[in-house]
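I would like to see how this sequence folds:
(2 chains)
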Amino acid sequence: GENVEQHPSTLSVQEGDSAVIKCTYSDSASNYFPWYKQELGKGPQLIIDIRSNVGEKKDQRIAVTLNKTAKHFSLHITETQPEDSAVYFCAASNTNAGKSTFGDGTTLTVKP
Amino acid sequence: ETGVTQTPRHLVMGMTNKKSLKCEQHLGHNAMYWYKQSAKKPLELMFVYNFKEQTENNSVPSRFSPECPNSSHLFLHLHTLQPEDSALYLCASSQAPTGSGANVLTFGAGSRLTVL
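Numbers count the residues shown, from 1 in each chain, chains lettered A, B, ... in the order given. This next block holds a predicted model:
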């Protein structure tokens, strides 16, 4: 089955700096890679996703890159703000099989 | 509010109790999921339902019994649980379990379960 590894497990940055979270996956059949943000007391919320036919996607301060050959994808947050502090999860899935495998999460802390 | 509502938000139960968790989605989705979130395994899939039919049981102990009476409602019936079952139980839904809408999950806020 699919195996997703996520690094780092914790990340602390100064407000205004950039943050990068990386994930690797094992199943070459995976074709959908979402990122979820989980704030305290809430469930994970989708913030950005990328499909295997695209190498990069950007939405304001967040971007995701995908390297299918190396089987890794990354989340980039620029100009971080305190409200970006949360746990971030990556996931990989094969939409034909219909099951997502999640990374173990990264706790991001943005210091004011 | 995400469109997926879970009740209760917090539940404390003894090992001999029977309780149920409820999930309701107002998104018109056809697939619903139960996930367990704990410190050991942050997001662990338990069950998947597609059009009310169970399509995935991820080797979950029988003390957890899911029920999906229709595409909008999902229950998790709990009985004779163990303290190690204490966790946050998350419900999610997606447009479909496979295809282009698959795996785009909308999560509820979760039910925090404590087993004494």
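
list the contacts of the closest residue to B:T7 other than its chain neighbours.
Counting by CB to CB, 6 or more residues apart in numbering or on different chains, B:T7 lies nearest to B:K22, which is 5.0 Å off, once chain neighbours are set aside. Heads up, the C-betas are built off the backbone N, CA and C, glycines and all. Neighbouring residues of B:K22 by CB atoms under 8 Å, 6 or more residues apart in numbering or on different chains: B:Q6, B:T7, B:H73, B:L74, B:F75.

how near is B:K22 to chain A?
Computed as CB to the nearest CB, to the nearest Å, the B:K22 to chain A distance reads 15 Å.

returning to what we had before: for chain A, state which of the contacts of B:K22 is nearest.
Each of the contacts of B:K22 was scored against chain A by CB to the nearest CB, and B:Q6 proved nearest at 8.0 Å.

OK, contacts around the closest one?
B:Q6 touches B:L21, B:K22, B:C23, B:Y89, B:L90, B:C91, B:G108, B:A109, B:G110, B:S111, counting by CB under 8 Å, 6+ apart.

ok, the helix or strand hosting B:S20: who's next to it in the sheet?
Under the criterion of DSSP states H and E, B:S20 resides in strand B:18-25. Applying DSSP bridges to the sheet, strand B:18-25 is found paired with strand B:4-7 (antiparallel), strand B:73-79 (antiparallel).

in a markdown table: the ones you listed, plus mean pLDDT and distance to A:E39.
Below are the strands paired with strand B:18-25 laid out as a markdown table (pLDDT from 0 to 100; distance: least, CB to CB, whole Å):
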| stretch | mean pLDDT | distance to A:E39 |
| --- | --- | --- |
| strand B:4-7 | 97 | 15 |
| strand B:73-79 | 97 | 23 |
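
paired strands for the host helix or strand of B:L88, with orientation please.
Assessed by DSSP H and E, B:L88 sits inside strand B:87-94. In the sheet, strand B:87-94 lines up against strand B:31-37 (antiparallel), strand B:106-107 (antiparallel), strand B:111-115 (antiparallel) (DSSP bridges).

no further questions, thank you.
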